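Novice: Return a 3D structure for these sequence lines:
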Amino acid sequence: MHDSDAPSTVAPPAVAAPATNAREPVLSVVDRTSEFLFGLFMALTFVGAISVAEAGRGEVRTLLVAALGCNLAWGLVDAVMYLVRTITERGRTLSLMRAVRGADAAAGRAMIQRSLSHAAAGLVSDVDVESIRRRILALPDLPVRPKLQGRDLMAALGVFLLVVASTFPVALPFLLINDVATAKAASRSVALALLFLGGFALGRYAGYGGWRAGFMMMALGAALVVAVMALGG
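Specialist: Numbers count the residues shown, from 1 in each chain. Reported below is the predicted structural model:
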């Protein structure tokens, strides 16, 4: 899911692309929004479990602490899995480049073609594939094994912080408002607004239209929370 290490690219920028002055974000728009929405969904399942009729301040506090603890745990898991996925994809790319360098021209081009995504394969000509193969052959010695970089650790930290940070907007009303029913309504309103903004950002990024995607994300988020709670989440 991460731009610089996607398996559909033959040589990741860190290995083969020429240097540029442009500074890319550590996480893409899709990564940032998706991680925040994931944490938001998790927090909403806890908020949805708060009973307006029965919950006292002690019970509410316990559920909010549980929500934060859950997102701390899942943020850590998500961050570690981001690093695992990154090193795995980078290793796959490195193995592909070694194979291309050790094969004849026809076999090398076939390997490159198979590594491309369906979308990329339709946009790349045989001349482009041969150009990629020649660039791989022209590279200096490849690293012995894939390595994580400081940028990868920063991205993993970003994943963790996004998941954890998503807990606070839905929890804050319960800390500021004494009436549980009012706090729950305010929390849901905040959550719906954040779901809309997340969908809006994804829609704008994908070119589908922000407003439509925002309302669709609100509906999807509500449905997902209901499904998670029904399954015991």
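Novice: which stretches of the chain aren't confidently modelled?
Specialist: 1-24, 50-57, 228-229, 231-233 (pLDDT under 70).
Novice: just checking, next helix/strand downstream of the longest helix seen in it?
Specialist: When the chain is parsed with DSSP state H, its longest helix is helix 57-102. Going down the chain from helix 57-102, the next helix or strand is helix 105-115, by DSSP states H and E.
Novice: Now do the buried residues in that next one.
Specialist: G108, R109, M111, I112, S115 (16 or more other CB atoms under 10 Å). From N, CA and C alone the C-beta is placed, and that goes for glycine too.
Novice: What of stretch 215-224?
Specialist: For stretch 215-224, burial by neighbour count (16+ other CB under 10 Å) applies to M216, M217, M218, G221, L224.
Novice: Disregarding flanking residues, what is the spatial nearest neighbour of F38?
Specialist: V163 (6.3 Å; CB to CB, 6 or more residues apart in numbering).
Novice: what residues are up against the one you found?
Specialist: V163 makes contact with E35, F36, F38, G39, M42, N71, W74, G75, D78, according to CB atoms under 8 Å, 6 or more residues apart in numbering.
Novice: wouldn't the fourth one be in contact with L161 here?
Specialist: No - with contact defined as CB atoms under 8 Å, G39 and L161 do not form a contacting pair (9.7 Å).
Novice: Do I have it right that L68 meets T167?
Specialist: Yes - at 5.1 Å, L68 counts as touching T167 under the criterion of CB under 8 Å.
Novice: Those two: which has the busier surroundings?
Specialist: Using other CB atoms under 10 Å as the criterion, L68 and T167 rank with T167 on top: 24 against 16.
Novice: Ramachandran coordinates for the more buried one?
Specialist: phi -70, psi -40 (degrees, to the nearest 10).
Novice: before we move on, back to that, tell me the one among the buried residues of stretch 215-224 nearest to G199.
Specialist: M217 (2.5 Å; CB to CB).
Novice: where's the closest one relative to A230, distance?
Specialist: Relative to A230, M217 is positioned 20 Å away (CB to CB, to the nearest Å).
Novice: End to end on stretch 47-64, go ahead and measure it.
Specialist: Counting by CA to CA, to the nearest Å, you get 8 Å between the two ends of stretch 47-64.
Novice: typo on my end, stretch 109-127
Specialist: Stretch 109-127: ends 10 Å apart by CA to CA.
Novice: so the residue nearest the centre of the chain is in which element?
Specialist: Taking CA atoms, centre = their mean, the centroid of the chain lies closest to D31, which sits 3.1 Å from it. Secondary structure from DSSP H and E places D31 in helix 29-48.
Novice: Show me what that helix is packed up against.
Specialist: Secondary-structure packing of helix 29-48 (3 or more CB pairs under 8 Å, 6 or more residues apart in numbering; DSSP states H and E): helix 57-102, helix 150-165, helix 167-176, helix 180-206, helix 210-230.
Novice: That's all I had, so thanks and see you.
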